[in-house]
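Undergrad: predicted structure and sequence below. I'll ask about it afterward.
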Amino acid sequence: MDRVELANVLKAARARLAPEQVGLTRGPRRRVVGLRREEVAQLAGLSVEYVVRLEQGRGPHPSPEVITALTRALHLEHDERDQVFRLAGSAPPLADRVEMSVRPSVLRLLQRLTDLPALVLSAKGDVLAQNPIACALLGDLKRWPDGQCNIIWQRFLGTGVARVSPDPEEDEASAQQSVGVLRTALSRYPHDPDLRALIEGLIAGSERFWTMWEEGRSTMRRSMRKTIDHPDLGRLVLDCDTLLLPDTDQSMIVYSAAGAREASALDTLHTISTGHC
């Protein structure tokens, strides 16, 4: 990690970025050239003290997630972004690869959703994060083995998506959407080896997947209603809404009550979710 040069690059990037470029208003008394440190911290979802320490060359070794947040906040081009990664002692993200790291600001939002189950999925269906109440509802999906921590893999090659009811109509719609999501991902990341390996494994191992794949449909992940068979609370019908995170091509899936019984069940899960995940 080259702290001195990293500090110089971050300060220069902040100085040349006008407030209007990031959706901020330039006040009449503004004297700072470019953005203030407080504004960069806000845009990146970091503390002001953390940004100050990095710019003074005395910051800690930042994680790839922090570097990603900073380079996005500073609107750096790919070459500039890669330079910051290298100066911080990390490998730059590979081009044309599905993003597998979750921004710190998204993780904070996920944890703030204390009364609604929510999880974050990659563009190819990997489970990247869950909040505690989602673990209480679905189980800890991150315990699936490496290479299988993917809801599409589990649907076609595993034991099924955790606790999701095998209702034929729901299952067919969800399966079709899963296949369409992978086709969309392949069109965006044609050179991602992990994505190609996932699709090839599904085609080889699941006749159902291969049949749907041959239909050639592409789609985005969409909101739908799902039935969950919970071991303690029984069958729950929940609305399953998809919030798109376009910067990373990820999705946040949020479950909410579709009826009074389900609302009471989610209240119970909220109460007992401490310690899950």
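TA: Okay, I see it.

Undergrad: give me the low-pLDDT residue ranges for the stretch 101-250 of the chain?
TA: Within the stretch 101-250 of the chain, the segments meeting pLDDT under 70 span 160-162, 165-166, 220.

Undergrad: now the helices for it?
TA: Assigned by DSSP state H, counting those that start in this stretch, the helices in the stretch 101-250 of the chain fall at 104-112, 132-138, 151-157, 168-188, 193-205, 207-214.

Undergrad: export those helices to JSON lines and tack on mean neighbour count?
TA: C-beta: built from backbone N, CA, C; applies to glycine. Shown next, in JSON lines, are the helices of the stretch 101-250 of the chain (neighbours: other C-beta atoms under 10 Å):
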{"stretch": "helix 104-112", "mean neighbour count": "16"}
{"stretch": "helix 132-138", "mean neighbour count": "24"}
{"stretch": "helix 151-157", "mean neighbour count": "21"}
{"stretch": "helix 168-188", "mean neighbour count": "17"}
{"stretch": "helix 193-205", "mean neighbour count": "15"}
{"stretch": "helix 207-214", "mean neighbour count": "15"}
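
Undergrad: what's the closest of these to residue 273?
TA: Among the helices of the stretch 101-250 of the chain, helix 132-138 comes nearest to residue 273, with 4.1 Å by C-beta to C-beta.

Undergrad: neighbouring contacts of the closest one?
TA: Helix 132-138 is contacted by residues 113-119, 130, 141, 162-163, 228, 230, 236, 255, 266, 269-270, 272-277 when judged by C-beta atoms under 8 Å, 6 or more residues apart in numbering.

Undergrad: among these, the buried ones, what's the ChimeraX command?
TA: In ChimeraX, this line selects whichever of the contacts of helix 132-138 come out buried by 16 or more other C-beta atoms under 10 Å:
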select :113,116,117,118,119,130,141,162,228,230,236,255,266,269,270,273,276,277
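
Undergrad: from the contacts of helix 132-138, which land in strands?
TA: Judged by DSSP state E, the subset of the contacts of helix 132-138 located in strands is 118-119, 130, 228, 230, 236, 255.

Undergrad: save those residues as TSV, and put in distance to residue 172 too.
TA: As requested, the ones in strands among the contacts of helix 132-138 are exported to TSV (distance: C-beta to C-beta, whole Å):
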residue	distance to residue 172
118	25
119	22
130	26
228	17
230	22
236	20
255	20
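
Undergrad: so which of the helices of the stretch 101-250 of the chain comes closest to residue 68?
TA: Closest to residue 68 of the helices of the stretch 101-250 of the chain is helix 104-112 (C-beta to C-beta; 8.9 Å).
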